[in-house]
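Visitor: Sequence first, predicted model second:
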Amino acid sequence: MEYAFEGAVIEWRGPAPFYYVPMPVEDAEDLKEDARGLEYWGQVAVTATIGETTFTTALFPKDGTYLLPLKVVVRKAEGIDLDDVVAVRMRLGHDA
């Protein structure tokens with residue numbers, strides 16, 4: 001299953017890496033159904049692409065949606081900063 005969405009980069013003073021893109025709530029509801037049985041501690045492993053950069057990470061639930069962590073290497077490669085709106089393509093699981 002593949003997802004595509006746009007979101008504004010937020011900062012949250014929780015566990016590193018601090019910068020995230022929240023999924024739209026409607027997409028998060030669909031993902032929760034699609035990821036049933038693939039979750040661990042509420043997190044969902046994904047492979048995401050922003051611009052030309054593809055990376056693996058794990059979404060985690062927060063306030064009725066999921067947050068996509070943005071690694072420093074991804075932010076630097078794509079010139080992403082706080083409040084930027086980014087287009088995300090994402091699929092469940094990690095590619096080998």
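Guide: Arrived safely.
Visitor: so the closest residue to residue 42 other than its chain neighbours bridges to which residues?
Guide: The spatial neighbour of residue 42 that comes closest, neighbours along the chain excluded (CB to CB, 6 or more residues apart in numbering), is residue 61 at 5.0 Å. C-beta coordinates here come from the backbone N, C-alpha and C atoms, glycine included. Residue 61 has the following beta-bridge partners by DSSP bridges: residue 66.
Visitor: Residue 92 now?
Guide: residue 46.
Visitor: try residue 11
Guide: Going by DSSP bridges, residue 11 forms beta bridges with residue 19.
Visitor: any idea how far the closest residue to residue 53 other than its chain neighbours is from residue 55?
Guide: Leaving aside its sequence neighbours, residue 53 sits nearest to residue 77 (CB to CB, 6+ apart; 4.7 Å). Using CB to CB, to the nearest Å, we find residue 77 at a distance of 9 Å from residue 55.
Visitor: what about the spatially most central residue of the chain, which SS state?
Guide: Closest residue to the average C-alpha location of the chain: residue 68 at 2.1 Å, with CA atoms, centre = their mean. Of the three states, residue 68 takes strand under DSSP: H, G, I helix; E, B strand; the rest coil.
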